[in-house]
Structures are given as structure tokens and as C-alpha cells.
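*Asks:* Sharing a model that was predicted from the sequence below.
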Amino acid sequence: MIFSDAIFSTSVSLGSEKIFFDTRKEIVFVGRSNVGKSSVMNALFGKKDLVKTSARPGKTKTANIFEVGRKYYFTDLPGYGFAKMWQQMREALDGLVSWYLEERKENIESVVMLIDAKLGPQQTDRDMYEFLLELGMPITIILSKIDKLSKSEANKSIEFAKQAFFGQQIFPVSSQKKLWLRELELHLRDLLK
Ligand SMILES: Nc1nc2c(ncn2[C@@H]2O[C@H](COP(=O)(O)OP(=O)(O)OP(=O)(O)O)[C@@H](O)[C@H]2O)c(=O)[nH]1
Ligand SMILES: [Mg+2]
């Protein structure tokens, strides 16, 4: 399905200038470590493991950029807010995320921010959200792993997110059970027009 012509393009670490002269439109994925960023990208690409995932938080340590249809970039950023991560590593990864977003600001059509549907927004999510608003970034909210919730719990989670992220578009999805991905796809296609 979907953005099935995605291919890996490159990885970027803090300070690397690799793609910053490229004006292609871009969608970036952010969220707490282990929230399911890489999984949702695989689901959108219709691939099993083009984007590396892991049950162990902190898998993604560079900005991993994928080219879609030779026209767009979809970028997987390292997760934030993983408490047990070595402090210095955590600061470096947070630095990479904020630096990357600022550098690519002009090209980014939306920052897709994933929130764990069951956990709801945490303080680190609120901090990231404030940062994105300050940068003036267009934002899309995903409630991830919606398969873990009953229908009524899912509705509650959606209502809560609507208040926490007032005015933003919110997409509940399950990468694992392939639920509601079509709505997200259409939204992203619309942004990339
Ligand atoms: N139940 C359920 N589990 C999921 C879903 N999506 C991802 N997971 C699981 O959550 C874990 C983390 O998924 P990743 O996609 O690697 O998360 P990430 O946000 O990229 O994590 P970092 O790279 O560490 O920041 C894996 O064990 C996945 O199998 C989902 O839709 N439902
Ligand atoms: Mg990841």
C-alpha cells in the first residue's frame, strides 16, 4: 500500500550538513522513545523493516531520511524523554532533534508528533509541543498503539488529546494492527500536494 516507493536516503548526525541544501518537501516524525515512530513509518511505507525498530527504547540515534517517490523526504528522528538513557547521550539526541528541526524548518510540511494513546501526553511531550509552536511548525498529532485500548478508552484518549493539542489534527493509528492508516496517508498526501 501507500508510500510504497520509499527508499533509505541517508543518516544525519548533529552538525552534518548533508541535506541542508536540498529543497524537497519533508515530513518529520518526532515523539518519546519507544512511542512507535519507526513502526508508523514502516506501516506508511508498506514495509516490514525498512525503518529499524526495537522493543528497547533509544533505537534511533541519527536523523534517518527516506526518499519517497523521489520527491519527498520522510525523516525518523531519535526519541526524546527516555529516562534511563545515559544523560550525555540523551542531551546529544535532544540537541540533534532541535537542531534538525530548525535547520530544515523551511522545507518541513508537517512535524508528525506521536503520543502514546494509552499513556497520553507526558511533560516531555508538552515541552516538545511548545518548542514546535514557538518554531511555528505545522503539526500533526498521532495517537499511537491505539490497538492497546478498548473503543471507549480510545475515545477518551482522543478527547483528551483534542484538549491538550487544541486546534491540531489528531490521528489515532495502530501500526501493528494496521488501523486507521489510510486517514493518515490521505492527510499527508494532502500536505505534500
Ligand atoms: N501494540 C502496538 N505496539 C507497537 C505499535 N507500534 C510500535 N509498537 C511497538 O513499540 C516498540 C517501539 O516501536 P518503534 O517503532 O521502534 O518506536 P520508536 O518511537 O521508533 O522508538 P525509538 O527509535 O527508540 O525512539 C516496538 O516493540 C514495537 O513493536 C502499535 O501500533 N501497537
Ligand atoms: Mg525509532
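*Replies:* All right, it came through fine. Ligands and ions are numbered 1, 2, ... in the order given.
*Asks:* Spatially central, which residue of the chain would that be?
*Replies:* By C-alpha atoms, centre = their mean, the chain has its centre lying nearest to Phe29, at 1.9 Å.
*Asks:* looking at this, Ser38 is in a helix?
*Replies:* Yes. Counting by DSSP: H, G, I helix; E, B strand; the rest coil, Ser38 is found in a helix.
*Asks:* buried set for the helix or strand where Ile158 lies?
*Replies:* Under the criterion of DSSP states H and E, Ile158 resides in helix 151-164. Judged by neighbour count (16 or more other C-beta atoms under 10 Å), helix 151-164 contains these buried residues: Ala154, Ser157, Ile158, Ala161, Ala164. (Each C-beta comes from the backbone N, C-alpha and C, glycine too.)
*Asks:* tell me the contacts of the third one?
*Replies:* Yep, that's Ile158 we're talking about. Under the criterion of C-beta atoms under 8 Å, 6 or more residues apart in numbering, the neighbours of Ile158 are Leu143, Ile170, Pro172.
*Asks:* any chance of those residues in a markdown table, with neighbour count and pLDDT too?
*Replies:* As requested, these are arranged in a markdown table below (neighbours: other C-beta atoms under 10 Å; pLDDT from 0 to 100):
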| residue | neighbour count | pLDDT |
| --- | --- | --- |
| Leu143 | 25 | 98 |
| Ile170 | 16 | 98 |
| Pro172 | 23 | 98 |
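*Asks:* wait, which of these is closest to ligand 2?
*Replies:* Ranked by distance to ligand 2 (C-beta to the ion), the contacts of Ile158 are led by Leu143 at 17.3 Å.
*Asks:* Show me what the least confident helix or strand in the chain by mean pLDDT is packed up against.
*Replies:* The least trusted helix or strand in the chain, going by mean pLDDT, DSSP states H and E, turns out to be helix 87-104, with a mean of 81. Contacts defined by 3 or more C-beta pairs under 8 Å, 6 or more residues apart in numbering; DSSP states H and E place helix 87-104 against strand 25-31, helix 123-135.
*Asks:* hmm, that helix touching ligand 1?
*Replies:* No. Helix 87-104 does not reach ligand 1 (C-beta under 6 Å from any ligand atom); its nearest approach is 8.8 Å.
*Asks:* orientation of that helix relative to helix 123-135 in degrees?
*Replies:* 30 degrees (axes from the mean of the first three to the mean of the last three C-alpha atoms, to 10 degrees).
*Asks:* Just give the nearest non-adjacent residue to the residue nearest to the centre of the chain, would you?
*Replies:* Counting by C-beta to C-beta, 6 or more residues apart in numbering, Phe29 lies nearest to Lys37, which is 4.4 Å off, once chain neighbours are set aside.
*Asks:* ok, the nearest residue to Val40 once chain neighbours are set aside - how many residues close by?
*Replies:* Computed as C-beta to C-beta, 6+ apart, the closest residue to Val40 that is not its neighbour in sequence is Ser175, at 4.8 Å. Residues lying near Ser175 (other C-beta atoms under 10 Å) number 23.
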